[in-house]
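Novice: Show me the folded form of this:
(one chain, ligands or ions: 2)
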Amino acid sequence: MPRMGLAVKLTLGFAAVAVAAVALTSLLISRATDSAFGAYVTHIRGMGTMMGGMMQDMMGVQEGEFLTTVNQSLWLAGGIAVLAAVGLGLLLARQMALPLRRLTVAARRIAGGALDERVPVATRDEIGELGMSFNAMAEALARNETLRRNMIADIAHELRTPLSVLQGKLEAIQDGVAQPTPREVASLHEEVMLLARLVADLRTLSLADAGQLELRREPVDVAAVAQRVAQAMRSHAEGKGVALALDAPPGAPSVSADPDRVVQVLENLLSNAIRHTPAGGRVDVRVSARDGQVRLTVADSGPGIPPEDMPHMFERFYRADRSRSRASGGSGLGLAIVRQLMEAMGGRVEVESQPGRGAVFTCSFSSC
Ligand SMILES: Nc1ncnc2c1ncn2[C@@H]1O[C@H](COP(=O)(O)OP(=O)(O)OP(=O)(O)O)[C@@H](O)[C@H]1O
Ligand SMILES: [Mg+2]
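Specialist: Numbers count the residues shown, from 1 in each chain. Ligands and ions are numbered 1, 2, ... in the order given. All right, here's what the predicted structure looks like:
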C-alpha cells in the first residue's frame, strides 16, 4: 500500500473540499447571471437600439463591466479560499499528526525495552485520551516488569539458602568430615522438605496467576473443616505453650468451595498465628454466618502487625520481620496463597490489627 502521511491526506482533503465548494458556487452564480442578468442586459441593449445613436453604444456597457467584475471576484475568492483551506489543513494536520507521531516513537521505544517512556498530553480531546491511555499502559508494563524482576530475585534468594545448606552438609559427608548419622540425614531431609514446599507454593501461585488452578467446587461445611484442622494443629500449638480455641457452632450454611483449599487456607493462617503468638498466649478460630456469608476468623494474641506493613501483608515474599521469619523458615508466600485461593473460590480475605493487640484474619465465603 503506498504510504501517504496523515498531514498530506488532511491537506489534500481540505483543498479538495475548498475547490469543490468554489466550483459549485461559481457554477450556480454563472448560471443565474447567464439566464436572469443576461436577459436584463439584452433588454437594456434593445432599448438602446430603439433610442438609436449614442444611446445604443452607452446602454448595457456598465452592466457588462459589472458581470466581468463579478467573474473576476469569483476567481479571486476561489483562489483565496483554496489557499486558506490548504493553510488551515496543514495547521490542523500538524496538530493531529505530531502527537500521533510521538506515540509511534514512544511505542517503538517501549517495544525496545525503554519502559520509562511517556508521551506529553496537551489536549483533552480523543488524541489526549489516547496519550493518557498509552501512558497508563506504559505505567502498568513498567510495574509488572519490576514485579517480575523482584519475583525472580526473591525466588533465587529463597532457593539459595536451603540449597547452600544442603550442599555444605553433603560435601562434609563426602569429605569424611561429617558422618551420615540418622540425625544428619533428618536435617538434610528437612532442608529438602523446605525446598519442596517452596516449589509447591510457587506452583500454586503461578497456576492461580494463569487461571489454571484446579478447584473441586462442592458444598463445604466450614465449621467441620475448622474442627478438623484445629484438632490436627492443637498439639503443635500446645507444644509452643499457645492455647488453641475453636468456636464453630454447627448449623452454619454450606459454602461452595474446594474443601482441600479451605484446609490449606486455614492451615496457613493458623501456622502464622501460632508462630507469632508467644508462650502463654491464645489463638481463636471462629466460624459464623451472617448476611448470606460464612466467615472464618483466626485471631491471635501476638504482637500484631505494624501499620506500615498492613498494606503489604498479602504480597508475595513479604515478611514484616525479615530476619526472624527467615530463621523460622517462613518464605512470605503463605498469605499470598491464602488471598489467591480465596479469590479463586469467589471469596475474600481481610486483616485487622492493632500493634500489641494481636492480628485478626477473616475469610468470607458466599453460602450456597
Ligand atoms: N498472625 C500474625 N501476626 C503478626 N504478623 C504476621 C501474622 N501473620 C503473618 N504475619 C507477618 O506477615 C508476613 C507474611 O506472612 P506469610 O504467611 O505470607 O509468610 P511467612 O509466614 O513468613 O512464610 P510462609 O507462610 O511462606 O511459610 C510474616 O512474615 C509475618 O511477618
Ligand atoms: Mg505463613
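Novice: going forward, measure contacts and count neighbours with C-alpha atoms only.
Specialist: Noted.
Novice: looking at this protein, which helix or strand does the model trust least?
Specialist: helix 322-327 (a mean of 58; mean pLDDT, DSSP states H and E).
Novice: Next SSE downstream of that helix?
Specialist: helix 334-344 (DSSP states H and E).
Novice: to the chain's geometric centre, what's the distance from stretch 186-196?
Specialist: 38 Å (Cα atoms, centre = their mean, to the nearest Å).
Novice: Got the phi and psi for V86?
Specialist: Main-chain dihedrals, V86, degrees, to the nearest 10: phi -60, psi -40.
Novice: can you check C363 too?
Specialist: Main-chain torsions, C363, degrees, to the nearest 10: phi -100, psi 130.
Novice: residues from the stretch 151-300 of the chain in reach of ligand 2?
Specialist: Neighbours of ligand 2 within the stretch 151-300 of the chain, by Cα under 5 Å from the ion: N272.
Novice: Find the nearest non-adjacent residue to H276, please.
Specialist: G302 (5.6 Å; Cα to Cα, 6 or more residues apart in numbering).
Novice: Was I right to think the one you found contacts G280?
Specialist: No: applying Cα atoms under 8 Å, one finds G302 not in contact with G280, separated by 10.0 Å.
Novice: Name the secondary structure element that contains T204.
Specialist: helix 182-209.
Novice: Show me which residues of that helix are buried.
Specialist: Neighbour counts over helix 182-209 (16 or more other Cα atoms under 10 Å) mark 188, 191, 194-195, 198, 201-202, 204-205, 208 as buried.
Novice: Okay, now the sheet partners of the following helix or strand past that helix, with direction.
Specialist: Once the chain leaves helix 182-209, the next helix or strand it forms, by DSSP H and E, is strand 218-220. Paired strands of strand 218-220, with direction, are strand 255-257 (antiparallel) (DSSP bridges).
Novice: And the partner strand, how far out from the chain middle?
Specialist: Distance of strand 255-257 from its chain centroid, counting by Cα atoms, centre = their mean, is 29 Å.
Novice: and for that strand, what are the contacting residues?
Specialist: 215-222, 294, 345, 365-368 (Cα atoms under 8 Å, 6 or more residues apart in numbering).
Novice: Repeat the analysis, applying 10 Å as the threshold.
Specialist: 215-222, 292-294, 341-342, 344-347, 364-368 (Cα atoms under 10 Å, 6 or more residues apart in numbering).
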